[in-house]
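Novice: Could you work out the structure for the sequence below:
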Amino acid sequence: MVQQTSQTLTGKLLIAMPGMGDSRFDGGVIYMCAHSDEGSMGLIINKVSKEIAADDVFEQLEINQVDTMPKLDVCYGGPVEMARGFVLHSTDYTDGDASLPVDDGFAMTASRDILRDIAQGTGPKERLLCLGYAGWSPGQLDDEIAQNAWLTCDATRDIVFHSRSSEKWSAALKTLGVSAALLSAQAGRA
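Specialist: This is a model prediction of the structure:
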């Protein structure tokens with residue numbers, strides 16, 4: 001039986017519980033871009049690709065970069081459509097219909113124009129480039145949460161954009177007052 005949550009997870013962070021059984025999400029933190037009765041979509045924000053660099057993406061798309069462009073990591077956004085790019089960013093930038101405002105502090109854009117603007121220094125001040133996304137069918141994510149696969153917390157710009165990728169999981173847990181050292185891979189129900 002599918003247990004529906006009464007509130008949306010859009011704009012929240014999902015924190016993978018230890019021992020969830022899916023190595024693609026192990027230790028993952030996912031920013032939720034959409035969560036509704038129609039399904040859910042999010043971007044893993046703490047798994048930096050070791051195979052693909054932002055320079056490779058810009059070169060493949062024939063986008064010239066200014067010399068002053070800050071380093072930009074490419075995150076493994078999730079196992080769905082891994083050849084497709086998504087930019088999670090601050091709301092100081094919009095690309096018309098290509099940008100999806102998620103909440104007051106975050107938006108997501110999947111266009112070549114945002115990559116060009118980032119490369120030229122005119123894109124959003126805060127951004128993460130992700131390849132692929134995480135997706136769930138209707139009710140699937142709610143079931144996983146009910147089975148203790150995920151914790152949820154509020155998303156902060158500090159965690160999403162400014163924490164080191166290797167520290168985002170612990171930082172998200174800390175917002176809940178939970179220490180990573182105290183989490184067990186064994187789940188229980190009272």
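Novice: The worst-scoring helix or strand of the chain on mean pLDDT: which residues count as buried?
Specialist: One helix or strand of the chain scores below all others by mean pLDDT, DSSP states H and E: helix 54-60, with a mean of 86. Using 16 or more other C-beta atoms under 10 Å as the test for burial, helix 54-60 gives Ala54, Val57, Phe58. For glycine as for every other residue, the C-beta is placed from the backbone atoms N, C-alpha and C.
Novice: Turn these into a markdown table, columns for distance to Met69.
Specialist: As requested, the buried residues of helix 54-60 are exported to a markdown table (distance: C-beta to C-beta, whole Å):
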| residue | distance to Met69 |
| --- | --- |
| Ala54 | 9 |
| Val57 | 12 |
| Phe58 | 9 |
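Novice: Looking at those residues, spot the one nearest Arg24.
Specialist: Val57 (20.8 Å; C-beta to C-beta).
Novice: and which of the buried residues of helix 54-60 is nearest to Ala134?
Specialist: For the buried residues of helix 54-60, the nearest to Ala134 is Val57 (19.6 Å; C-beta to C-beta).
Novice: can you pull the contacts of that closest one?
Specialist: By C-beta atoms under 8 Å, 6 or more residues apart in numbering, Val57 lies in contact with Val74, Gly85, Leu115, Leu129, Leu131.
Novice: Out of those residues, which sit inside strands?
Specialist: Val74, Gly85, Leu129, Leu131 (DSSP state E).
Novice: The third one pairs with what?
Specialist: Going back to what we said before, that points to Leu129. Judged by DSSP bridges, the bridge partners of Leu129 are Val74, Val87.
Novice: what about the residue most central in space within the chain, which helix or strand?
Specialist: Note on the chain: the residue nearest the mean C-alpha position is Leu43, at 2.8 Å, using C-alpha atoms, centre = their mean. Leu43 belongs to strand 39-44 when assigned by DSSP states H and E.
Novice: Quick one: list the elements packing against that strand.
Specialist: Applying 3 or more C-beta pairs under 8 Å, 6 or more residues apart in numbering; DSSP states H and E, one finds that strand 39-44 contacts strand 29-36, strand 74-76, strand 127-136, helix 140-146.
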